[in-house]
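> structure here, sequence nowhere to be found:
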């Protein structure tokens with residue numbers, strides 16, 4: 001990592017006050033000012049929620065489309081046959097197949113970010129549960145990854161749709177873009193993500209739902225966001 005400039009050292013010293021609450025725009029600017037790496041870091045959001053996901057009625061899970069995309073190349077595999085297989089390929093899927101795709105995955109080829117299946121292929125996909133489940137790749141009707149509309153599912157995956165799922169401690173996090181994105185695009189993605197989490201509030205959530213929100217970059221500090229400016233929180 002490159003040596004910090006005087007400006008960066010000064011900013012880092014100010015971060016000693018880790019209780020400061022930042023407006024989103026100021027947080028993004030601070031992360032840019034502190035950046036010392038040459039690669040295009042991911043901007044990450046973390047949200048502490050008032051839920052206990054061990055209870056089914058407090059699980060927070062779903063999909064959200066980031067309007068400015070993720071900045072990542074998303075690899076998509078689709079289980080489909082016949083016309084649906086042709087549709088998936090036309091939509092930009094990286095790999096399409098049926099039993100042959102299952103065997104390929106069983107051989108260890110699992111370098112995908114999203115796995116989609118048509119409903120009639122779930123008998124085949126089900127045999128991959130122990131491989132796909134731990135990686136969060138198992139197709140799921142509730143998430144729109146088991147669907148006859150493979151064209152839309154592939155386009156969504158390639159176009160900036162991401163999955164979110166709360167972890168054991170009630171924390172949910174995701175990448176919402178790259179440092180090379182404009183502030184405007186990052187703010188759009190931030191708002192879309194937070195809005196999706198607020199709308200996904202489960203019936204069993206008790207007390208304050210969104211307790212903390214922070215933004216960070218891949219190598220940067222976590223900055224607490226002033227949630228009074230976040231709609232719906």
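In hand now; what should we look at? Everything quoted here is computed from the prediction, not taken from an experiment. Residues are numbered from 1 along each chain as shown.
> and the lengthiest helix in the chain, what does it pack onto?
Identified as the longest helix of the chain according to DSSP state H is helix 183-199. For helix 183-199, the elements it packs on are helix 24-34, strand 42-49, strand 61-65, strand 161-165, strand 171-178, strand 210-217, judged by 3 or more Cβ pairs under 8 Å, 6 or more residues apart in numbering; DSSP states H and E. Placement of C-beta: from N, CA and C, glycine included.
> distance check, the residue nearest to residue 202 when sequence neighbours are not counted against residue 166.
Closest residue in space to residue 202, ignoring its immediate chain neighbours: residue 58 at 5.1 Å, by Cβ to Cβ, 6 or more residues apart in numbering. Distance of residue 58 to residue 166, computed by Cβ to Cβ, to the nearest Å: 8 Å.
> cool, and residue 206?
14 Å.
> who has more neighbours out of those two?
More neighbours surround residue 166 than the other of residue 206 and residue 166, with 22 against 9 (other Cβ atoms under 10 Å).
> residues contacting the more buried one?
When contacts are counted by Cβ atoms under 8 Å, 6 or more residues apart in numbering, residue 166 touches 49, 51, 53, 59, 60, 61, 172.
> isn't residue 97 up against residue 84?
No. Assessed by Cβ atoms under 8 Å, residue 97 is found out of contact with residue 84, at 11.5 Å.
> just to revisit the earlier point, among the helices and strands packed on helix 183-199, which comes closest to residue 223?
Closest of the helices and strands packed on helix 183-199 to residue 223 is helix 24-34, at 4.4 Å (criterion: Cβ to Cβ).
> let me see the mean pLDDT of that closest one.
Helix 24-34 carries an average pLDDT of 92.
> by how many degrees do that helix and strand 210-217 diverge?
Relative orientation of helix 24-34 versus strand 210-217 (axes from the mean of the first three to the mean of the last three Cα atoms, to 10 degrees): 30 degrees.
> which strands or helices does helix 24-34 pack on?
helix 6-14, helix 183-199, strand 210-217, strand 223-224.
> would you turn the ones you listed into TSV with mean neighbour count and mean pLDDT?
TSV is the format used below for the helices and strands packed on helix 24-34 (neighbours: other Cβ atoms under 10 Å; pLDDT from 0 to 100):
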stretch	mean neighbour count	mean pLDDT
helix 6-14	12	61
helix 183-199	18	95
strand 210-217	20	94
strand 223-224	19	93
